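A.B. asks: kindly return the folded structure for what I paste below:
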Amino acid sequence: MKSYLHISEEVGAALEARRPVVALESTVIAHGLPYPSNLETALAVEAIIRDAGAVPATIAVLGGKVRVGLARDEIERLASGKGVLKLGTSDLPAAIASGTDGTTTVSATAFIACNAGIEVFVTGGIGGVHRGAEQTLDVSSDLWELTKSSIIVVCAGAKAILDVSATLEWLETHQVPAVGYQTGEFPCFYSRHTGLAVDRVDTPEEIAARFEIQRSLGMPGGMLVAVPVTEEYELDVSGEIARAVEEASARGTRGKNLTPWLLARLDELTGGKSVATNIALLKNNGLVGAEIAKAVASIQPEH
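C.D. replies: Residues are numbered from 1 along each chain as shown. Predicted structure coming up:
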């Protein structure tokens, strides 16, 4: 894998010096938020991470090259471009071979970041077990990647359009530690509350210590850190989600197209409030991720 990685000078220097680095996915840029909010948010999250003392590393495939750390014009290329592919881990070989542009989902970003030596990855919400998965078997590749890539994934929980209870159960069954940051309740993207209990951690240092021990024990896979959206931006979209899911089913929308369509429809049904919450939680996660990356970088690895 490393022969395919094109790591920016800034990110490479930080990794070599063991300074804190935070990986960022790019699918939210091309497929998660509308233009120009997507560009503004991507740049704002990078700035928040830098201001907190870490180096941001946005990941994407550009011209068939796996890029770790993007310049502003490259982020704008993804934000305003048409026909940019959405790439999971299994899509990477085809994208590289064809020389295309593609944004990386949680699964592909975690895979690439781990291979680049990055230990912390920030996203909005992870994919998971879709509603009705008992019939469709629709389970996001994000979950499978968490069982293999040794990386801390900072998120606002699972996306609210999913079966969150089943997603959390899947993670437990497959031995992926899921913890709540300063909460004992697993958050659900737009909402701080689900009634689903998780182990609580209160400091970045505690997360870093747990992760280092996990790796020292030779345990495969990553750690999921769920950060509740701030109270100011919490949003109850249960009714809108039910309507959007029903409409998607009637349209026959599924697979890779399902999540982007549902998020866009939620934006319409909430009059833009869901996008505002999405942006707020991305920024908050970026700040928390930077603090965790600093704590991880301060530990001398024993493995």
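A.B. asks: give the buried residues for stretch 221-240.
C.D. replies: Residues of stretch 221-240 classed as buried under the neighbour-count rule (16 or more other CB atoms under 10 Å) are 221-229, 233-235, 237, 240. Any C-beta I mention is one placed from the backbone N, CA and C, and that applies to glycine too.
A.B. asks: average pLDDT for it, rounded please.
C.D. replies: Taken as a whole, stretch 221-240 has a mean pLDDT of 94.
A.B. asks: span of that stretch from start to end?
C.D. replies: End-to-end distance for stretch 221-240: 34 Å, by CA to CA, to the nearest Å.
A.B. asks: what do you get for stretch 229-243?
C.D. replies: End-to-end distance for stretch 229-243, by CA to CA: 23 Å.
A.B. asks: need the contact partners of the helix or strand in which residue 144 is found.
C.D. replies: Using DSSP states H and E, residue 144 falls within helix 141-146. With contact meaning CB atoms under 8 Å, 6 or more residues apart in numbering, helix 141-146 is reached by 88-90, 105-108, 110-111, 126-129, 153, 167, 170-171, 174, 176, 221-222, 224.
A.B. asks: tell me the mean pLDDT for that helix?
C.D. replies: Helix 141-146 comes out with an average pLDDT of 95.
A.B. asks: next one: stretch 149-159
C.D. replies: Here the average pLDDT along stretch 149-159 is 95.
A.B. asks: what's the offset of the helix holding residue 144 from the middle of its chain?
C.D. replies: Computed by CA atoms, centre = their mean, to the nearest Å, the separation of helix 141-146 from the middle of its chain amounts to 11 Å.
A.B. asks: helix or strand right after that helix?
C.D. replies: Taking DSSP H and E, what comes next after helix 141-146 is strand 152-155.
A.B. asks: helices and strands around that next one, which ones?
C.D. replies: Judged by 3 or more CB pairs under 8 Å, 6 or more residues apart in numbering; DSSP states H and E, the packing partners of strand 152-155 are helix 106-116, strand 120-122, strand 223-226, helix 273-297.
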